[in-house]
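J.: what shape does this take:
(one chain, ligands or ions: 1)
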Amino acid sequence: MEELATLEDLPQEYRDNLEKLNLVPLWPSLRDVLPPETPQPKTKPILWPYDTLRPLLMQAGDLTPIEKAERRVLVLANPGHGLENMRASSVMYLGMQLLLPGEWAPSHRHTPNAVRMIVEGNNAYTTVNGQKCPMERGDLILTPTGMWHEHSHEGTEPVVWLDVLDLPLVYFMEASYVQPGVHQNIQGTSADTAYGPGIVPTPVFTRQNPHNPLLRFAWKDARKALENMAVNQPDAESIQVTYINPETGTDCQNIIGFSSLMLRPNETLTLPLRSSAMVFHVIEGQAQVQTTGNNFDMTQSDTSCVPCFAPVTLVNKNGDKPTFIFIADESPLQKKLGLYSERPNK
Ligand SMILES: [Fe+2]
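T.: Alright, predicted model coming up:
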């Protein structure tokens, strides 16, 4: 492509006259906003090992009482976006949240969608619009936009979970805000809405609630589905399941997509180049994430992020045990906007 004139090629007086009138010449920035062939993401490949962040998260428990934090979170910030912007990618926010025994993170609701992937601990629960969602390691709990949620802890050990939100996008849209709530009365547990595999209520009238009726995906169920798939579909390119809205069959949230992948013993899986950034979090086992300029050796509870169109190969070097990886990506949003694409990873 032709190299274009720069700002400095223009006389200073002309540039000053433009600036006074709030005008900007496009051509010096044209290649930045429309780079040829491939986006130029600020998102960098990055790994957050859990054993390095956990002591600092526990220290936060000593330093700041929950009443002074409301949500005690260390944000997994991508330096490519500037740490102060608290983004893992342009769309995804990641935070590691700590709740100590007996603590309560008060009820609120906000416009960004959130999910929790439970990392460690027992006997905590999230209440979402009156539904009690137990938090056990590997469970995925949804708190979609506008739904009241609070976190309680009746156990004896710290509970930690990974928050994934579309906060950077919603904030960029100037649509981000929170409303404080009051302590919710529990009206049932999330299991009440888990109708059964492939079985959902038949609506008489069009269902009014736009949200996923299933707010908690138990890890034992997702793990079982992956194990069954590995047995029943041994020739599948990848053993991966997506968390969906069972009533519509669509992604469980509108903007970020969530899935779990099983790497079989000794498996190497090369993904296509994708137009969406991706987050990987190891639920069980070990995996190497090979991407541009990096080989991330990940173990249980580690989290990493790769930018759009990055080459990604996932390797389970263990010959005896499978590895289970939780994946978050921006494909639901990109597909709705007609922006999603894949290319072969040569
Ligand atoms: Fe929240």
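J.: measure how far the helix or strand of the chain with the lowest mean pLDDT is from the centre of its chain, please.
T.: Lowest by mean pLDDT, DSSP states H and E among the helices and strands of the chain is strand 188-189, with a mean of 80. With CA atoms, centre = their mean, to the nearest Å as the basis, strand 188-189 stands 25 Å off its chain's centre.
J.: so which elements touch that strand?
T.: Judged by 3 or more CB pairs under 8 Å, 6 or more residues apart in numbering; DSSP states H and E, strand 188-189 is in contact with strand 131-135. Every C-beta, even on glycine, is put in place using the N, C-alpha and C of the backbone.
J.: got the CA positions of the strand it packs on in PDB?
T.: Only the C-alpha atoms of strand 131-135 are listed here, as PDB (Å, rounded to 0.1, in the frame of the first residue of the first chain):
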ATOM      1  CA  GLN A 131     -31.400 -17.500  43.500                       C
ATOM      2  CA  LYS A 132     -28.700 -19.100  45.600                       C
ATOM      3  CA  CYS A 133     -25.800 -20.200  43.500                       C
ATOM      4  CA  PRO A 134     -23.300 -22.400  45.400                       C
ATOM      5  CA  MET A 135     -19.700 -21.700  44.500                       C
END
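J.: could you point out which element follows that strand?
T.: Moving toward the C-terminus from strand 131-135, the next helix or strand (DSSP states H and E) is strand 140-143.
J.: packing partners of that next one?
T.: Where contact means 3+ CB pairs under 8 Å, 6+ apart, strand 140-143 is packed against strand 114-120, strand 124-128, strand 216-217.
J.: what pLDDT does residue 277 get?
T.: According to the prediction, residue 277 has pLDDT 98.
J.: okay, now it: neighbour count?
T.: 26 (other CB atoms under 10 Å).
J.: and the nearest residue to it once chain neighbours are set aside, what is it in contact with?
T.: Spatial nearest neighbour of residue 277, excluding adjacent residues (CB to CB, 6 or more residues apart in numbering): residue 89 at 3.7 Å. Each residue near residue 89 by CB atoms under 8 Å, 6 or more residues apart in numbering is listed here: 41, 43, 78, 81, 168, 277, 279, 305, 307, 330.
J.: and the least confident helix or strand of the chain, which strands flank it?
T.: Here strand 188-189 is paired, per DSSP bridges, with strand 131-135 (parallel).
J.: what sits up against the strand it pairs with?
T.: Counting by CB under 8 Å, 6+ apart, 116, 118, 121, 124-127, 139, 141, 151, 159, 161, 186-190, 192-193, 215-216 sit against strand 131-135.
J.: got a quick PyMOL command for the buried subset of these?
T.: Buried subset of those, written as a PyMOL selection, criterion 16 or more other CB atoms under 10 Å:
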select buried, resi 116+118+121+124+125+126+127+139+141+151+159+161+189+190+193+215+216
